[in-house]
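*Asks:* Give me the fold of what follows.
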Amino acid sequence: MSAPIMQSFRSMGSSVGEYSRQQLNVFRNRVLNTETRRQRANVVRTSMTAHRPVWVSGVGGVYTSMAAVYLTLKFMSRLK
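*Replies:* Just a heads-up that it's a prediction; the model follows:
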């Protein structure tokens, strides 16, 4: 009776151990690859700096459109 229970505990322990090893490998890879992460962050930062005028004009266009919709709805309510 106790043999199947012991086998299930052993198999559960090996799966937990395998999961722990996988998680440790993921953590180790993240820590060791900090240079790659820095390079990616630098590319993103450079890209955002280079495209700043595009973002400014895009946000300005959205703001203008929202203001136009607001004013249109405000004046449409007076036409009743």
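
*Asks:* contacts and neighbour counts: CA atoms only from here.
*Replies:* OK.

*Asks:* Quick one: name whatever helix or strand follows the helix or strand of the chain with the lowest mean pLDDT.
*Replies:* Ranked by mean pLDDT, DSSP states H and E, the weakest helix or strand in the chain is helix 2-32, scoring a mean of 70. Scanning forward in sequence from helix 2-32 by DSSP states H and E, the next helix or strand is helix 34-50.

*Asks:* got the CA coordinates for that following helix in CSV?
*Replies:* C-alpha atoms of helix 34-50 as CSV (Å, rounded to 0.1, in the frame of the first residue of the first chain):
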residue,chain,number,x,y,z
THR,A,34,22.9,42.0,-19.1
GLU,A,35,25.1,43.4,-21.9
THR,A,36,22.5,42.2,-24.5
ARG,A,37,19.7,43.8,-22.4
ARG,A,38,21.7,47.1,-22.2
GLN,A,39,22.2,47.1,-26.0
ARG,A,40,18.5,46.6,-26.6
ALA,A,41,17.6,49.3,-24.2
ASN,A,42,20.0,51.7,-25.9
VAL,A,43,18.5,50.9,-29.3
VAL,A,44,15.0,51.7,-28.0
ARG,A,45,16.2,54.9,-26.3
THR,A,46,18.0,56.0,-29.5
SER,A,47,14.9,55.2,-31.6
MET,A,48,12.6,57.2,-29.3
THR,A,49,15.0,60.2,-29.4
ALA,A,50,15.2,60.0,-33.2
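
*Asks:* neighbours around V44, how many?
*Replies:* 12 (other CA atoms under 10 Å).

*Asks:* To clarify, my last question referred to M48.
*Replies:* When neighbours are counted by other CA under 10 Å, M48 comes out with 13.
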